[in-house]
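Student: What would the 3D arrangement of this be:
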Amino acid sequence: MGDVAFDDLRFVESLGLHCSWDVLDHDLGTLARIGPEQVAAAARLVRTGDVFALNLPLTEPDPPLFRRDPLRHTIFALDRNNLDDRLDSFHPQGSSQWDGLRHVRAREHGYFGGYTEDFTPGAGPLGIEHWAARGIVGRGVLLDVGHHRELLGDPLDAFAGDMIGAAELQEVADAQGVALVHGDIVLVRLGWVTAYRRLDGPDREEIAQRPRASGLRADEAVARWLWDSGAAALGIDNPTVEPIPGDAAIGSLHRRLIPMLGFALAELLDLDALAQACADDGRWDFQFVAVPLGVPGGVGSPSNAVAIR
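Tutor: The predicted structure is shown next:
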C-alpha cells in the first residue's frame with residue numbers, strides 16, 4: 001500500500017480534520033500498512049528469544065476506571081474431574097486494550113469510512129473480528145519518553161496532564177537512534193503504569209473517580225507525525241493516549257486518529273520490563289505480536305500483546 005502524505009489526505013471542512021477514508025481498507029484501518037514484507041522483517045529482529053508480555057492482569061486497574069464494574073471470575077465444576085470458569089462484568093477495554101474502529105465516531109460524519117449506522121453485536125463493518133482474523137504482527141518500536149525525560153533531568157509526572165508533542169516524540173526517537181519505517185507499531189512509554197503501581201488504596205480510589213494522565217498532545221501535529229511516519233498502530237502505557245483532562249481548544253486525539261485516520265490504538269500497556277531490556281542493550285525495536293479477541297462486531301479487545309527480542 002502506497003503512502004499518501006498527511007497534507008494530501010481529504011480534508012473535512014466541517015470538522016477541520018483530515019481523513020484517510022479513501023486510502024485505507026475500512027475494516028483494517030492503519031493495520032493495512034502491515035503486509036507480508038513487514039511481518040517477515042519483524043521476525044528477523046528476534047535475537048535472544050526473550051518474550052515480554054505487555055498486558056496488565058484483567059483485574060487492573062483496580063478499582064476500574066471510567067465507571068466500569070469490577071471483573072467477576074467464577075470457577076465451577078463441570079463434574080468430579082473437570083473445572084470450568086466464567087467471567088462476568090467483563091469489559092474488553094477495562095485493562096490493557098485495543099480501541100477498535102467502532103469505538104469513536106466523528107459526530108454526524110460517523111465512524112471510520114463514513115459509517116453512520118448504530119452498530120449492534122454480530123459480524124459487520126469495523127468489528128474487532130477483522131483485526132483478530134489476521135492478528136497484529138510487525139516491527140515494534142519503543143519510544144521511552146519517561147526515560148528520556150529522566151536523562152534530561154526533567155522527570156515526567158504521569159498524572160499531571162502534561163502534553164507530549166510531535167517534536168518531543170521525534171526527539172526521543174533521535175536520541176534512541178531509531179528510525180520509524182512504514183508499517184511500524186509504535187509504543188510510547190510515559191511511566192503511567194509505573195506511577196500507578198506505586199499508589200496506595202486511597203490514591204487508586206481517587207484515580208478511579210477522577211482519572212488523570214499525561215499523554216500525547218491532541219493536535220494536528222501529532223496526527224501528522226504518526227501518519228507520515230507510516231505507523232500501523234500506536235500503543236501507550238496510559239489509559240487514554242491523550243491527556244486527562246483534555247483541552248477542548250486543542251480537540252480530541254481519539255477523534256483525529258480513530259474515525260478520521262483509522263488508527264489502531266492500544267492503551268494501558270505494561271511496557272516497563274520491555275523498556276528496561278531495551279535500555280540495557282540499546283536496541284529499541286523488536287517483533288510485536290498481538291491477537292485481539294475475535295468477538296464479532298466487537299468495539300475493543302484486551303491487548304493480548306507480546307514483544308519478542
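
Student: May I see the buried residues of stretch 205-221?
Tutor: By neighbour count on 16 or more other CB atoms under 10 Å, the buried set for stretch 205-221 is 207, 208, 211, 212, 213, 214, 215, 216, 217, 218, 219, 220. Every C-beta, even on glycine, is put in place using the N, C-alpha and C of the backbone.

Student: these two touch, right, the third one and residue 64?
Tutor: This means residue 211. No - using CB atoms under 8 Å as the test, residue 211 is too far from residue 64 to be in contact (10.5 Å).

Student: all helices for the stretch 151-300 of the chain, in order.
Tutor: Ranges of helices in the stretch 151-300 of the chain, per DSSP state H, counting those that start in this stretch, are 166-176, 192-197, 201-209, 220-228, 253-255, 272-281.

Student: need the contact list for the nearest residue to residue 63 once chain neighbours are set aside.
Tutor: Take residue 63 and drop its neighbours on the chain: the residue closest to it by CB to CB, 6 or more residues apart in numbering is residue 208, 4.0 Å away. Going by CB atoms under 8 Å, 6 or more residues apart in numbering, residue 208 touches 61, 63, 64, 65.

Student: same check, this time on residue 220
Tutor: Taking CB under 8 Å, 6+ apart, one finds 17, 18, 256 in contact with residue 220.

Student: Between the residues you listed, identify the one with the most neighbours.
Tutor: Of all the contacts of residue 220, residue 256 has the most neighbours under the rule other CB atoms under 10 Å, reaching 26 neighbours.

Student: That residue contacts residue 224, doesn't it?
Tutor: No - applying CB under 8 Å as the test, residue 256 and residue 224 come out as separate, 9.5 Å apart.

Student: still on that earlier bit, and the residue nearest to residue 63, what's its pLDDT?
Tutor: You'll see residue 208 listed with a pLDDT of 96.

Student: and what of the one 10 residues further on?
Tutor: Among the per-residue scores, residue 218 holds a pLDDT of 98.

Student: got it, and residue 144?
Tutor: For residue 144, the predicted pLDDT is 99.

Student: again, but for the one 5 residues further on
Tutor: Reading off the confidence values, residue 149 has pLDDT 98.
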